[in-house]
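# Quick one, structure for this:
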Amino acid sequence: MSNETIGILHPGAMGTSVAAAAQNSGHTVYWASAGRSPQTQARAQQHRLVDGQTVATLCHTCTILISVCPPHAAEAVAQEVLAHGFTGLYVDANAIAPQRAKHIGQMMTDGRASFVDGGIIGGPAWQPDSTWLYLSGNEAQRVACCFAAGPLETQVIGAEIGKASALKMCYAAYTKGTTALLAAILGTAVSLGVYDELAQQWRRDDANFPAQTENRVRRVTAKAWRFAGEMEEIAATFESAGLPGGFHRAAAEIYTRLADFKEQEEAPALTAVLQALLVLAKSGD
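Sure, this is the predicted structure:
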């Protein structure tokens, strides 16, 4: 297996684990420190990523670039890479709709770069069999080989661009979509004064369900700011398949109302979560 020079754009919690997995397989991994937060810089230094300082340097140094960023920024990151003349292999591993992945792929092809579509399912990849990078595209196997030693798991699911993103969208539509639905249910029950009765009825069905639901809603708040954009991408995915996207557009609004909890290390109390949902609801009346 040849050594690839890989650039990670940009190493947040997930991107850092992807970078570490590539290092674990013997590859040199770069990042660009210019304009990045102190938290991102600390993560990159902790895992000994090579600092190329600028995206331009990465574009002229790396054979593969992997984009792991919030979904709303995916296209802008790709455009920046193309503006610096990158002609290597670009992997978009963001939570974006398959039609957006195809559009970015076409941008890369027009700019004489190669493209692989990626979709990550699971949390940051620090343990085997916990996080999967699905890949589609003509050079998907080349990307999979970059993580052969784990702990990030990979699976190539075809040559068609958009297929990996489609799988990610369908999976997250349930996992993150239902969490948003549960948050809305709890907020509505509190607003209408039937929360205790609802919890009692849930316990009749499953004794653990109320506590599990509360924990899901509390834990999701730190990433809610990021999930809002993902819900919009899922809505667009559904609509492209001829199905209504309204449910996940509503889920995006739920997560937007929880955005002020961004990156909090400890999950807030349920009362604080519901207050954020309901105060914003009333302010919109």
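
# before we move on, which element is the residue nearest to Ser240 when sequence neighbours are not counted in?
In space, and not counting its chain neighbours, Ser240 is closest to Gln99: 5.4 Å by C-beta to C-beta, 6 or more residues apart in numbering. Just so you know, the C-beta spots here come from the backbone N, C-alpha and C atoms, and that holds for glycine as well. Assigned by DSSP states H and E, Gln99 belongs to helix 98-110.

# Tell me the buried residues in that helix?
By neighbour count on 16 or more other C-beta atoms under 10 Å, the buried set for helix 98-110 is 98, 100-105, 107-108.

# would you list those in a markdown table and tack on distance to Asn138?
Formatted as a markdown table, the buried residues of helix 98-110 follow (distance: C-beta to C-beta, whole Å):
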| residue | distance to Asn138 |
| --- | --- |
| Pro98 | 16 |
| Arg100 | 19 |
| Ala101 | 14 |
| Lys102 | 14 |
| His103 | 17 |
| Ile104 | 15 |
| Gly105 | 10 |
| Met107 | 16 |
| Met108 | 12 |
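
# Looking at these, which is nearest Ile161?
Set against Ile161, the nearest of the buried residues of helix 98-110 by C-beta to C-beta is Gly105 (4.4 Å).

# residues touching that closest one, list them.
By C-beta atoms under 8 Å, 6 or more residues apart in numbering, the residues touching Gly105 are 92, 115, 117, 137, 161-162.

# what pLDDT does the residue nearest to Ser240 get?
What the model reports as pLDDT for Gln99 is 98.

# Ala113 too?
Note for Ala113: predicted pLDDT of 98.

# Name the surrounding residues that touch stretch 254-261.
180, 183-184, 220-222, 224-225, 227-228, 231, 268, 273, 276-277, 280-281.

# Sorry, slip of the keys, the one I care about is stretch 265-272.
186, 214-215, 217-219, 221-222, 261.

# can you confirm Gly119 is in a helix?
No: assessed with DSSP: H, G, I helix; E, B strand; the rest coil, Gly119 is strand; it does not lie in a helix.
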